[in-house]
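1. Predicted structure and sequence below. I'll ask about it afterward.
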Amino acid sequence: MLSIELTVDDETDATVRREWRALEDAGIPSLARNSSPSNRPHVTLFVAPAMRVDDLTAVREAVSSLPLPLTLGATLLFGGHRRGYVLARQVVVTRALLELHRRVHEAATPLAESVVDLSRPDAWTPHVTLARRLDADSVGPALAAVGAAALPTGSAPAARLWDGVAKTITPLS
């Protein structure tokens, strides 16, 4: 899979990493366990199983308006299917964020063989993931560990292309 992602400013990054650690301290597996240097808090804008990356000019133009103000809101819970629950922080939706998302999709879709439906406009829920594959018994303690209050406003200063197969990052801004 390949994804186009917004990275967050240093203060927001540190705040999310504190939440990852709070989950770990509560005995709940979080993204803190991923020691890859590419693992960092982010907001996924676009996902495709494969795409041409030989010319990303249009995608770079689509993200040229960065930085963008970004507020992490309440905790969200996705899933409940066989892979468990995903705990995340909502990203408060703004016109600027929706416009950026639309521009990225317009630029990236012609490069992709297909697009993952949940990343499409009108199906997308912007979020920053805190933990994956939680079982039902972990949900309550996980919510208690991170709380529900919104976090201070930060920003998304940059975008990147993540290639999950090659495990490479290509800066886009």
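-> Sure thing, it's come through.
2. Please read off the pLDDT at Pro110 from the model.
-> Looking at Pro110, its pLDDT stands at 96.
3. Revised request: answer the last question for Ser38.
-> Looking at Ser38, the pLDDT reads 82.
4. Would you mind confirming that it makes contact with Leu161?
-> No: look at Ser38 against Leu161 with Cβ atoms under 8 Å: they stay out of range, at 11.2 Å. Quick note: C-beta positions are derived from backbone N, CA and C, even for glycine.
5. Pick out whichever of these two has more residues nearby.
-> Leu161 (20 against 13; other Cβ atoms under 10 Å).
6. Am I right that the more buried one falls within a strand?
-> Yes: using DSSP: H, G, I helix; E, B strand; the rest coil, the assignment for Leu161 is a strand.
7. Contact partners for it?
-> Taking Cβ atoms under 8 Å, 6 or more residues apart in numbering, we find Leu161 in contact with 2-5, 53, 56, 59, 169-170, 172.
8. quick revisit: overlap in contacts of Ser38 and Leu161?
-> Ile169.
9. Which parts of the chain are helices?
-> 10-25, 57-62, 95-108, 136-146 (DSSP state H).
10. Would you mind giving those helices as a markdown table with mean neighbour count and distance to His42 added?
-> Shown next, in a markdown table, are the helices of the chain (neighbours: other Cβ atoms under 10 Å; distance: least, Cβ to Cβ, whole Å):
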| stretch | mean neighbour count | distance to His42 |
| --- | --- | --- |
| helix 10-25 | 17 | 9 |
| helix 57-62 | 17 | 16 |
| helix 95-108 | 17 | 13 |
| helix 136-146 | 16 | 17 |
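11. between the ones you listed, which gets nearest to Val47?
-> helix 95-108 (9.6 Å; Cβ to Cβ).
12. got a list of contacts for that closest one?
-> Taking Cβ under 8 Å, 6+ apart as the rule, helix 95-108 contacts 4, 6, 45-46, 48, 51, 58-59, 61-63, 65-66, 68-70, 91, 115, 119-121, 124, 126, 159.
13. Give the PyMOL command for selecting the buried subset of these.
-> Buried residues within the contacts of helix 95-108, by 16 or more other Cβ atoms under 10 Å, are selected in PyMOL with:
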select buried, resi 4+6+45+46+48+51+59+62+63+66+68+70+91+115+119+124+126+159
